[in-house]
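Novice: please work out how this folds:
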Amino acid sequence: MDDENENLVGIDDVYSDNELQTLALVSDLCVLVETVDGWLESDEGIDPDFCRYMGMVLLSLANQIVPAN
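Specialist: Take a look at the predicted model:
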């Protein structure tokens, strides 16, 4: 595996000990995808509170991944 991909893990690996957290994360990411798709494909307005929430979700996910050293 090359250096830039050594921190890549699957969603199931991130919360391998907590299925409920995995399901919540998958649900949040599905909502993110659908919402951003709506922004790109229509005239839907961008909700800054939603952006902040999703930023926190992604930051929380990133913090769960232990960097390879």
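
Novice: name the SS class of the most centrally placed residue in the chain, please.
Specialist: Most central residue of the chain, judged by C-alpha distance to the mean C-alpha position with Cα atoms, centre = their mean, is L58 at 4.3 Å. Secondary structure state of L58, per DSSP: H, G, I helix; E, B strand; the rest coil, is helix.

Novice: just the pLDDT for it.
Specialist: You'll see L58 listed with a pLDDT of 93.

Novice: give me the distance between it and W39.
Specialist: As for L58, its distance to W39 is 16 Å (criterion: Cβ to Cβ, to the nearest Å). For glycine as for every other residue, the C-beta is placed from the backbone atoms N, C-alpha and C.

Novice: same question for Y53.
Specialist: When distance is defined by Cβ to Cβ, Y53 is 15 Å away from W39.

Novice: what does N63 give?
Specialist: 26 Å.

Novice: now do L59
Specialist: Here the criterion is Cβ to Cβ. By it, L59 lies 20 Å from W39.

Novice: tell me which of these two has more neighbours.
Specialist: W39 (14 against 10; other Cβ atoms under 10 Å).

Novice: ok, longest helix in the chain?
Specialist: Scanning the chain for the helix with the most residues, using DSSP state H, yields helix 19-41.
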